[in-house]
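**Student:** Just to be clear, the model below is a prediction. Sequence and coordinates:
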Amino acid sequence: MKVLFVSSSNHAGGISPITLRQGESLKQAGVSVSYFTMRGRGLRGYLASVLPLRLLIRQSKPDVVHAHFALSGFVAAIASKAPVVVSLMGSDLQERAWVNRLIRFFCRKVWQGVVVKSDRLRQVAGCSRVVVIPNGVDTWVFHPSRRLDACRSLGWSDEKVHIVFGADPLRVEKNFSLAERALALMGRTDVELHLLKGVEPAAVPLWLQAAHVVLLTSTYEGSPNVIKEAMACGRPVVTTDVGDVRQVIGDTPGCFVVENHPSGVAKALEAAVGFALSHPRTAGPDRINLLGLDAASVAAKLVKVYESVSNERKLNE
């Protein structure tokens, strides 16, 4: 099966590492994956890619076009005669009202397949054809490692408590001010905060392995990858109740889902640090495997979606 990924290349490193990892997992499942990326912002910027995308589709004849984020999905639907599957990531469902109405119309009438990352997003999308498939974790890359070894590889002090904030603090929805207030309430002088911003994708596993705690204080998410990756590394987690984190974490000791309030975040951070200092790892890797969130399992689910929309198109021809 031939699948063409369509996505933005506005990410700091070009195409999103999450999209690339998903493509690689599909290749390992025997799918031929190629990429078309778009530059420019907003609907007008994306529409400039319609003609070059249409030409590429005519030349390469993919069985399925898989677009990532709603704007890419609009462009793919206009450009493609092949079935279009769209992954809605979460932030695209938090857009202005007219964008949400357009997404719902395309879900019901235009796109052949729609993938969202959590049950909450399925409700927001408001379409019966939506399937829930969170992004998977490459457990060959994100896996437990001795924390002190990872710290020393990064040059982090053995004497400090290392908390990794798992996002760019400049992104408003990541609510970094909540993390700052919680850390101030802890009042600890031994805490060192590390911001997961501008870190090369290849270095992210080492950062997570080196953390005493991985912290996320977002106001909204779809299915935050950093939480699943931290759990796959066996690290304690503190996160606000966004996306599917409550389902992902379950009752894993050392991992906490908290209310959007500084005192609650601070209390959970203290408990998570205590766990990290007394346990080599959490049971997060077992939880990831139990839920089928490893990259291979997720790739198999996506292949079923591709086969379904491809067969449906053939029946209708």
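**Tutor:** Right, received. Where do you want to start?

**Student:** which helix of this structure spans the most residues?
**Tutor:** The helix of greatest length in the chain, counted in residues with DSSP state H as the criterion, is given as helix 295-316.

**Student:** In the stretch 1-150 of the chain, mark out all the helices, start to finish.
**Tutor:** Listed from the start of the chain, the stretch 1-150 of the chain has helices (DSSP state H, counting those that start in this stretch) covering 17-28, 42-47, 50-60, 70-79, 97-109, 119-125, 147-154.

**Student:** residues contacting the residue nearest the centre of the chain?
**Tutor:** With distances taken as CA atoms, centre = their mean, the chain has residue 225 as the residue nearest its mean C-alpha position (3.8 Å). For residue 225, the contact set (CB atoms under 8 Å, 6 or more residues apart in numbering) comprises 18, 135, 137. Heads up, the C-betas are built off the backbone N, CA and C, glycines and all.

**Student:** Looking at those, which is nearest residue 205?
**Tutor:** residue 137 (10.2 Å; CB to CB).

**Student:** Specify the beta-bridge partners of that closest one.
**Tutor:** Going by DSSP bridges, residue 137 is paired in beta bridges with residue 294.

**Student:** I figured it hits residue 297, correct?
**Tutor:** No: judged on CB atoms under 8 Å, residue 137 makes no contact with residue 297 at a distance of 9.8 Å.

**Student:** Which of those two has more residues huddled nearby?
**Tutor:** A side-by-side neighbour count of residue 137 and residue 297, using other CB atoms under 10 Å, places residue 137 first with 27 against 17.

**Student:** Now do the buried residues in stretch 256-263.
**Tutor:** 256, 257, 258, 262 (16 or more other CB atoms under 10 Å).

**Student:** so where's this structure shaky on pLDDT?
**Tutor:** Within the chain, the set of residues satisfying pLDDT under 70 comprises 10-14, 40-43, 90-96, 124-126, 316-317.

**Student:** one step back: for the longest helix of the chain, packing partners?
**Tutor:** Here helix 295-316 is seen to pack against helix 17-28, strand 64-68, strand 84-88, strand 113-116 when contacts are counted using 3 or more CB pairs under 8 Å, 6 or more residues apart in numbering; DSSP states H and E.

**Student:** how much space between the residue nearest to residue 301 when sequence neighbours are not counted and residue 170?
**Tutor:** Closest residue in space to residue 301, ignoring its immediate chain neighbours: residue 133 at 5.0 Å, by CB to CB, 6 or more residues apart in numbering. Counting by CB to CB, to the nearest Å, the separation of residue 133 from residue 170 is 29 Å.

**Student:** the more surrounded of these two?
**Tutor:** For residue 133 versus residue 170, the count of surrounding residues by other CB under 10 Å is larger for residue 133: 20 against 9.

**Student:** returning to that earlier point: so for the longest helix of the chain, what gets flagged as buried?
**Tutor:** Of the residues in helix 295-316, those scored as buried under the neighbour-count criterion (16+ other CB under 10 Å) are 295, 297, 298, 299, 302, 303, 305, 306, 308, 309, 310.

**Student:** And stretch 17-25, by the same measure?
**Tutor:** 17, 18, 19, 20, 21, 22, 23, 25.

**Student:** Pick the one among the buried residues of helix 295-316 closest to residue 240.
**Tutor:** Among the buried residues of helix 295-316, residue 298 lies closest to residue 240 (CB to CB), at 23.9 Å.

**Student:** dump the residue contacts of the closest one.
**Tutor:** Applying CB under 8 Å, 6+ apart, we find residue 298 in contact with 22, 25, 133, 134, 135, 136, 292.

**Student:** okay, among those residues, which ones form the most distant pair?
**Tutor:** Using CB to CB for every pair in the contacts of residue 298, the one that comes out farthest apart is 22 and 292, at 15.0 Å.

**Student:** can you pull up the bridge partners for residue 3?
**Tutor:** Here residue 3 shows beta-bridge partners residue 33, residue 64, assigned using DSSP bridges.

**Student:** who touches residue 89 in this structure?
**Tutor:** The neighbourhood of residue 89, defined by CB under 8 Å, 6+ apart, consists of 68, 69, 117, 222.

**Student:** is it possible to export the contacts of residue 298 to TSV including distance to residue 110?
**Tutor:** As requested, these are arranged in TSV below (distance: CB to CB, whole Å):
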residue	distance to residue 110
22	22
25	27
133	20
134	24
135	23
136	27
292	30
